[in-house]
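After the sequence you'll find the predicted model.
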Amino acid sequence: MTTWPFADQWDEALPYERFEQEAADEHRGLWQGISRLARVPEWAARRASALPGRFRLVVLSEDWCGDAVNVVPVLAKWAASAPSVELRILRRDQHPAVMDRYLTNGAARAIPVVIVLTEAMEELGWWGPRPRELQAWVTEQRRQGREKRALYPEVRRWYAKDRGESTLREVLEIMQRVGAVTAR
């Protein structure tokens, strides 16, 4: 494992509550509404607690991102419920060097991106910008010529039905790598 090259930026990253209050200007009501509705499945809290060590999650996000507003509040509530997990948010547009390290398909500055770190700031991996199942569906729809804007209502319905569970499972998969690393 290597130390995350942007470790010094952890201190300037915002806790979720500050992001919601200070950075979510245009869509604050939507962020607050999703945050109020977010529920942490018991299995997700239990799995996080069972992992060895402590984790830091750095989320690259912005207020205007529809995917982020559906994912980040769930992750934040989950992190708040798991004593071994701390989550902070870096604004994508204010941190282009960080964003450029986590481009989707090597080209797109798609968000949200969740960077999973150990407490010692060693990078375990990253997730984003959507759960695998949803990303595959969106990619196929775009390949078929559907416009991005036309997909949003269906994407929102997918997120409402999933309730963040796919994202939690996928982020937990990355966190579980610490067990394999420490067993060596």
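Thanks, I have the structure now. Residues are numbered from 1 along each chain as shown.

helix, strand or coil for Leu87?
strand (DSSP: H, G, I helix; E, B strand; the rest coil).

which ones are touching the residue lying closest to it once chain neighbours are set aside?
Once flanking residues are discounted, Leu87 sits nearest to Ala79: 3.8 Å by CB to CB, 6 or more residues apart in numbering. No exception for glycine: its C-beta is placed from N, CA and C like everyone else's. By CB atoms under 8 Å, 6 or more residues apart in numbering, the contact list for Ala79 reads 16, 57, 85-87.

change it to 10 Å
Remark: with contacts taken as CB atoms under 10 Å, 6 or more residues apart in numbering, Ala79 is in contact with 15-16, 40, 48, 55-57, 59, 85-88, 171.

What of Arg101?
By CB under 10 Å, 6+ apart, Arg101 lies in contact with 4-6, 60, 95, 113, 115, 123, 126.

Helix, strand or coil: sort out Gln32 for me.
helix.

need the contact list for the most centrally placed residue in the chain.
Nearest to the mean C-alpha position of the chain, counting by CA atoms, centre = their mean, stands Val114 at 3.9 Å. By CB under 10 Å, 6+ apart, the contact list for Val114 reads 57-61, 71-72, 75, 87, 102, 125-129, 167, 170-171, 174.
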